[in-house]
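Asks: Any chance you can model this:
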Amino acid sequence: MVASRYSVIIPSYNATSTLRDCLRALNACSPSPTEIIVVNDGSLDGTSDVARQNGVIVVDCVTNLGPANARNQGAAQASAEILVFIDADIVVKPDVFQRLSAFFLAYPEAAGVSGTYSETCPAASGFSQYKNLYLVQSFAWITGPIGMVNTSFSAIKKEVFDASGGFNINWRLGEDAVYGASLIDSGYRLFLCHDIQVEHLKEYTSLGLLGDSYRKAFYFSLFLGSRLLRKGYSVWRKAGHHHSFAAMALAPTSGLLLLVLMSLILLPHPILVWLGLGLTLAYSILTATLWSRFVKHKGFASTVILIPFQFVENIVVCLAVLYALFCVFFTNHPLIRQS
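Replies: Numbering: from 1, shown residues only. You can find the predicted model right below:
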């Protein structure tokens, strides 16, 4: 397999702060891809100008319809045999197409492969560093086939993409879970390659990260909850997500711990004390690997500062999950019918 078989597709919305670095890294790759297609998803800034200044193909959308639609628009313009979807805030390594070629040579049965995140994060804020290492940790446990695509960086064979109908444009968030599950349901095999790592440039503030975590948890849980309801656990557990048991247990553990702590204020009963201690121990065990990784890279002081924030984030995620499950079981949410 040669690098000329790759079409890179980048959905971009108000992406001037990161797109230039993203394109610079792609243009520095050796070998280089056949083409780079930037889909300007109704941006209000100079996204198209930045793209054209870097000599890439630009597809302009009149309105912002979301990354799923933008990826489909880019794929419709692509000419190569492998479609490489990356986000506008991602920086690849110079040998990424060599690594992709090596992977598809080793696994010819693969319909697609996703990359993971580098432990190196150029973003300056501590919240960005935390989010990056969380993503590193959330993918680290995976070996073999995977049940979703990581749209930060994923490569899909064009014949597979065309046959599958592409991303579900009704999902503005969580579209990677929906699309990965649809491919798995159709009998395709998806993989994660730990040798393909990308750097994430996105800068997070505390409130921005909490909002992002809430939205993603809601759409993720809405899809998986509706999938569980329609198809059962055996189908649900293998498609649509990459989370380990520990990662998925963290939100409910946090929610229960908060309830116990609040109850202790009103009723300091010994049973509640022991229950609180047990939940605290469970929470510590579930987060130990992440925080040991964070101490290694960012030091003890930074870790201590961010531990309370992570607990708040997990409470936010727990609320999102509860609301999503309420929508699944007690409402007729339109996305449930469209997943």
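Asks: Other residues contacting stretch 316-334?
Replies: Defining contact as C-beta atoms under 8 Å, 6 or more residues apart in numbering, one finds that stretch 316-334 is touched by 170, 210, 213-215, 217-222, 225-226, 229, 250-252, 254-255, 336. Just so you know, the C-beta spots here come from the backbone N, C-alpha and C atoms, and that holds for glycine as well.
Asks: What are the buried residues along that stretch?
Replies: Applying a neighbour-count criterion of 16 or more other C-beta atoms under 10 Å, one finds V316, V317, C318, A320, V321, L322, A324, L325, C327, V328, H333 buried in stretch 316-334.
Asks: Using PDB, write out every CA atom in it.
Replies: The C-alpha trace of stretch 316-334 is given here as PDB (Å, rounded to 0.1, in the frame of the first residue of the first chain):
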ATOM      1  CA  VAL A 316     -21.700  16.500  35.800                       C
ATOM      2  CA  VAL A 317     -21.300  13.300  33.700                       C
ATOM      3  CA  CYS A 318     -23.500  11.400  36.100                       C
ATOM      4  CA  LEU A 319     -26.300  14.000  35.700                       C
ATOM      5  CA  ALA A 320     -25.900  13.700  31.900                       C
ATOM      6  CA  VAL A 321     -26.200  10.000  32.000                       C
ATOM      7  CA  LEU A 322     -29.300  10.000  34.200                       C
ATOM      8  CA  TYR A 323     -31.000  12.600  32.000                       C
ATOM      9  CA  ALA A 324     -30.100  10.500  28.900                       C
ATOM     10  CA  LEU A 325     -31.500   7.400  30.400                       C
ATOM     11  CA  PHE A 326     -34.700   9.300  31.400                       C
ATOM     12  CA  CYS A 327     -35.000  10.300  27.700                       C
ATOM     13  CA  VAL A 328     -34.500   6.700  26.600                       C
ATOM     14  CA  PHE A 329     -37.100   5.100  28.900                       C
ATOM     15  CA  PHE A 330     -39.700   7.900  29.400                       C
ATOM     16  CA  THR A 331     -39.600  10.200  26.400                       C
ATOM     17  CA  ASN A 332     -39.700   9.900  22.600                       C
ATOM     18  CA  HIS A 333     -36.400  11.700  22.000                       C
ATOM     19  CA  PRO A 334     -36.000  12.100  18.200                       C
END
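Asks: quick one: contacts for the residue minimising distance to the centre of the chain?
Replies: Nearest to the mean C-alpha position of the chain, counting by C-alpha atoms, centre = their mean, stands N150 at 5.4 Å. Counting by C-beta under 8 Å, 6+ apart, N150 touches S114, G115, T116, F139, D176, L192, H242.
Asks: From V92, how far off is it?
Replies: When distance is defined by C-beta to C-beta, to the nearest Å, N150 is 13 Å away from V92.
Asks: what does G278 give?
Replies: 44 Å.
Asks: next one: W291
Replies: 28 Å.
Asks: More neighbours: the two, which one.
Replies: Neighbours were counted for W291 and for V92 using other C-beta atoms under 10 Å; V92 has more, 23 against 19.
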